[in-house]
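Colleague: Okay, structure incoming, though there's no sequence with it:
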Ligand code: NDP
Ligand code: 2IT
């Protein structure tokens, strides 16, 4: 890992990262996520012996617990299929383990460890009492029937249910895990435990789900953008955006950006991106939602309905000139060159809906150019924040209205923005990455100090 740090901090960083790589061989995404946080935290704790002596960062990079298990199930043709399930219970210093489940063919232990680590800081930033976790499986939901998804989810939950509980660990969705999968898993947990508790979030409204949870991550990323623009004396009105992805987060980031007077030019999936120079307005977004959520089809279909748009197979949208980039698909989807291209084309703000979508060299470009750059742990915290509100509603056995929840989400995102400004202001510029890392760290570190050595 290269670093911009100098002197003693650089030396300490190198030693720390070498140790991490030795203990976690080959886990590149995990090294990347830890390296990004360590660049901020190592210099921060340098003159704070209380954190340094207690080895807080060292302890925070060793998950509380890692659970890996076999998931055997039967497909529609009667074939036995075997997948690998994971749950990383990273830290319960400030609340029960909390974080999503991802079903994607390419996931590895490294993927889940990076996501669980990031979740620690993100959940802390929300100001709600939530620890951190992540999990999922190398199950590929694409092309599976509803019954196959159901059998997989039931098999997966049969094992996972031993390790979770509404006071212990509360999973939710992520890539490949939406309302359908959460429902199947919740049903299976209820059957096994004979208890109706809020053990998962992102549930259906009929069985304890929260309004606004579906929209929360995408809306939150745009609220964060709105706050950054406001702090810099600007707003969304009249701006153009490139959005990547066309799943849950992308859809609601696009919706909110459009509602605030912006124009969304692109959306994508793993096959390529569509560019609509007329803008993906409410009607066109409804078409995308029908395509992706109901038909489970490809984004390339969009150009059949809207011939003015173009489809760019095998490409990502970052070469399209825009004011704002909203990466909402997956990790490492903005390369160093793509970050440079965005800057060359005049992009002035990036709000990360996806987790760790920009490679470290790309982040350095954004920060070096002093554009408004909101890292994922701050920008996409709206999803888990409303999950936290769903837990509260379940505990109180009541439901808040859509307006109440949107208002709370709005306030939580503004609170995150304020924490980034407080801890990340450097002269006349806000380094939101430093701000998010430090603010997220302090709360967890103080709780760990209070517990003594564990
Ligand atoms: P979805 O499964 O709903 O959508 C994922 C989208 O990203 C799809 O368009 C998918 O395309 C695309 N995608 C996935 N993997 C890749 C890949 N390897 N290369 C290119 N495109 C890819 O997931 P979400 O919208 O829920 O999640 C998107 C991102 O947001 C993830 O990084 C997730 O961790 C993060 N996030 C999600 C939250 C939530 O509440 N759901 C909360 C906070 C962060 P295709 O269909 O072709 O696979
Ligand atoms: O990455 C994330 O924050 C999520 N996938 C949401 C986690 C949650 O528990 O709602």
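Modeller: Alright, I've got the coordinates. Bear in mind the structure is a predicted one, so any value in this text is a computation, not a measurement. Ligands and ions are numbered 1, 2, ... in the order given.
Colleague: Poorly predicted segments of the chain, please.
Modeller: Residues of the chain meeting the criterion pLDDT under 70: 1-2.
Colleague: what residues does it put near ligand 1?
Modeller: Counting by CB under 6 Å from any ligand atom, the residues of the chain lying close to ligand 1 are 173-176, 178, 217, 245-250, 269-271, 328-330, 353-355, 380, 383. Glycine gets a C-beta too; all of them are placed from N, C-alpha and C.
Colleague: so what's the residue nearest the centre of the chain closest to, chain neighbours aside?
Modeller: Centroid-nearest residue in the chain, with CA atoms, centre = their mean: residue 355, separated by 4.0 Å. Leaving aside its sequence neighbours, residue 355 sits nearest to residue 376 (CB to CB, 6 or more residues apart in numbering; 4.9 Å).
Colleague: tell me the contacts of that neighbour?
Modeller: The contact partners of residue 376, taken as CB atoms under 8 Å, 6 or more residues apart in numbering, are 118, 122, 352, 353, 354, 355, 356, 357.
Colleague: Also residue 364?
Modeller: By CB under 8 Å, 6+ apart, the residues touching residue 364 are residue 4.
Colleague: Relative to ligand 1, how far out is it?
Modeller: 21 Å (CB to the nearest ligand atom, to the nearest Å).
Colleague: quick check, that residue in a helix?
Modeller: Yes. Per DSSP: H, G, I helix; E, B strand; the rest coil, residue 364 lies within a helix segment.
Colleague: Test my guess that residue 424 contacts residue 418.
Modeller: No. Taking CB atoms under 8 Å as the definition, residue 424 is not a contact partner of residue 418, at 10.7 Å.
Colleague: of the two, who's got more company?
Modeller: Each of residue 424 and residue 418 has its neighbours counted (other CB atoms under 10 Å); residue 424 has more, 20 against 14.
Colleague: Can you tell me the closest non-neighbouring residue to that one?
Modeller: Take residue 424 and drop its neighbours on the chain: the residue closest to it by CB to CB, 6+ apart is residue 435, 2.3 Å away.
Colleague: Check the gap between the one you found and residue 129 for me.
Modeller: 21 Å (CB to CB, to the nearest Å).
Colleague: Between these two, which is the more surrounded one?
Modeller: More neighbours surround residue 435 than the other of residue 435 and residue 129, with 26 against 16 (other CB under 10 Å).
Colleague: in which helix or strand would I find residue 29?
Modeller: Element membership of residue 29, judged by DSSP states H and E, is helix 28-46.
Colleague: and the helix or strand following that helix, what does it pack onto?
Modeller: Moving toward the C-terminus from helix 28-46, the next helix or strand (DSSP H and E) is helix 49-53. Under the contact criterion of 3 or more CB pairs under 8 Å, 6 or more residues apart in numbering; DSSP states H and E, helix 49-53 touches helix 28-46, helix 432-451.
Colleague: Those helices: which one's closest to residue 397?
Modeller: Of all the helices and strands packed on helix 49-53, it is helix 432-451 that lies closest to residue 397, at 27.9 Å by CB to CB.
Colleague: Briefly note if that closest one comes near ligand 2.
Modeller: No. Using CB under 6 Å from any ligand atom, helix 432-451 never reaches ligand 2; the gap is at least 12.8 Å.
Colleague: Since that was my last question, I'll sign off now.
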